[in-house]
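S.K.: no FASTA, just this:
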């Protein structure tokens with residue numbers, strides 16, 4: 001093969017699933033992010049920055065699923081195993097997550113700032129990115145790398161549960177190339193919901209700190225400039241949450257986070273599972289077409 005067919009089809013279907021789920025759940029995502037970023041609840045959140053969030057979701061999920069599929073396949077080839085264990089799966093997922101974070105962190109920061117800005121005062125994507133320095137664009141990179149454990153846990157749990165389910169319904173197709181197995185829409189939705197719920201509960205304090213670090217800078221809550229700069233560090237965000245809200249502050253907005261991320265992840269994985277086979281067939285057809293036409297083009 002000229003390229004990794006399975007990895008490309010996984011990445012494409014995952015990115016399309018992310019685009020659809022992000023668009024459907026964006027109002028809920030905005031409310032959740034606004035609430036997490038505030039020391040106390042105030043004005044209701046209004047929707048803005050959907051385009052940036054869609055772009056960030058599409059690119060991040062494409063990079064993640066491509067990396068996850070590629071690294072997983074590479075591991076299986078090098079180890080000679082037919083299946084991947086839990087520990088290896090966690091490492092593979094963390095590696096894919098780290099690659100994703102590094103590529104998409106500026107978009108993630110811009111998206112959080114646009115969501116938490118006062119309605120009507122949010123700037124466009126390029127203005128948001130160009131106004132600050134590169135270090136500001138990568139605000140929260142350290143904690144984002146730490147949070148690669150979230151999708152690592154999620155997709156490891158999902159993959160392990162999926163493998164157990166598919167063992168009962170293995171395909172008996174023969175031939176060198178067969179399409180990948182897929183779960184039913186309901187099974188994919190339920191496994192996606194369960195796996196994301198587990199991952200979110202385990203990593204939520206870090207999620208809250210990340211939103212605080214990335215939130216749009218504003219003096220509306222009476223915070224001075226020095227305090228704002230302090231809150232842009234992990235230790236500063238932890239101290240600010242502890243001082244204002246105590247231990248329970250680290251879990252503020254957990255219910256909204258679970259509702260949004262569980263629905264989003266379940267929708268994403270359901271859509272991905274249903275279109276992976278179609279994407280794989282289209283990629284295979286394109287590859288065969290290129291193989292057939294290449295000699296003709298050379299001879300011409």
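M.R.: Sure thing, it's come through. Since the model is a prediction, treat every value here as computed from it, not as a measurement.
S.K.: would you map the helices across the stretch 201-300 of the chain?
M.R.: With helices called from DSSP state H, counting those that start in this stretch, the stretch 201-300 of the chain shows them at 225-231, 234-245, 254-299.
S.K.: the bottom helix or strand of this protein by mean pLDDT?
M.R.: For the chain, counting by mean pLDDT, DSSP states H and E, helix 225-231 ranks last in confidence among helices and strands (a mean of 56).
S.K.: residue 279: what's it in contact with?
M.R.: When contacts are counted by Cβ atoms under 8 Å, 6 or more residues apart in numbering, residue 279 touches 9, 12-13. Every C-beta, even on glycine, is put in place using the N, C-alpha and C of the backbone.
S.K.: hmm, 10 Å instead?
M.R.: Neighbouring residues of residue 279 by Cβ atoms under 10 Å, 6 or more residues apart in numbering: 5, 8-14, 16, 179-180, 272.
S.K.: pLDDT below threshold where in the stretch 101-250 of the chain?
M.R.: Applying pLDDT under 70 to the predicted model, the residue ranges of the stretch 101-250 of the chain that meet it are 118-124, 126-137, 139, 169, 171-182, 216-232.
S.K.: strands of that one, start to end?
M.R.: Ranges of strands in the stretch 101-250 of the chain, per DSSP state E, counting those that start in this stretch: none exist.
S.K.: before we move on, back to that, quick one: closest of the helices of the stretch 201-300 of the chain to residue 152.
M.R.: Residue 152 lies closest to helix 254-299 among the helices of the stretch 201-300 of the chain, at 13.4 Å (Cβ to Cβ).
S.K.: now the closest one, how far from the centre of its chain.
M.R.: When distances are taken as Cα atoms, centre = their mean, to the nearest Å, helix 254-299 is centred 16 Å away from the chain's centroid.
S.K.: ok, now stretch 192-204?
M.R.: Per Cα atoms, centre = their mean, the displacement of stretch 192-204 from the mean C-alpha position of its chain is 13 Å.
S.K.: sort out which residues of it are buried, please.
M.R.: Counting neighbours by 16 or more other Cβ atoms under 10 Å, one finds that the buried residues in stretch 192-204 are 192-200, 203-204.
S.K.: repeat that for stretch 254-269.
M.R.: Neighbour-count burial for stretch 254-269, with 16+ other Cβ under 10 Å as criterion, is recorded at 254, 256-258, 260-269.
S.K.: still on that earlier bit, closest one to residue 151 out of the contacts of residue 279, please.
M.R.: Out of those, the one with the shortest distance to residue 151 is residue 14. That distance is 11.1 Å, counting by Cβ to Cβ.
S.K.: helix or strand: which one has residue 83?
M.R.: Applying DSSP states H and E as the criterion places residue 83 outside every helix and strand.
S.K.: that one and residue 262, how far apart?
M.R.: Shown here: residue 83 relative to residue 262, a distance of 27 Å by Cβ to Cβ, to the nearest Å.
S.K.: next one: residue 82
M.R.: Between residue 82 and residue 262 the distance is 31 Å, computed by Cβ to Cβ.
S.K.: still on that earlier bit, mind listing which of the buried residues of stretch 192-204 are in helices?
M.R.: Helix and strand membership here follows DSSP state H; of those, those in helices are 192-200, 203-204.
S.K.: let me have the residues you listed in CSV, extended by distance to residue 75.
M.R.: Supplementary listing: those in CSV, determined by distance: Cβ to Cβ, whole Å:
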residue, distance to residue 75
192, 23
193, 27
194, 25
195, 20
196, 24
197, 27
198, 23
199, 21
200, 26
203, 24
204, 29
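S.K.: pull the number of nearby residues for residue 86.
M.R.: Here the number of neighbours of residue 86 (other Cβ atoms under 10 Å) works out to 11.
S.K.: that one contacts residue 160, correct?
M.R.: Yes - using Cβ atoms under 10 Å, residue 86 makes contact with residue 160 at a distance of 6.3 Å.
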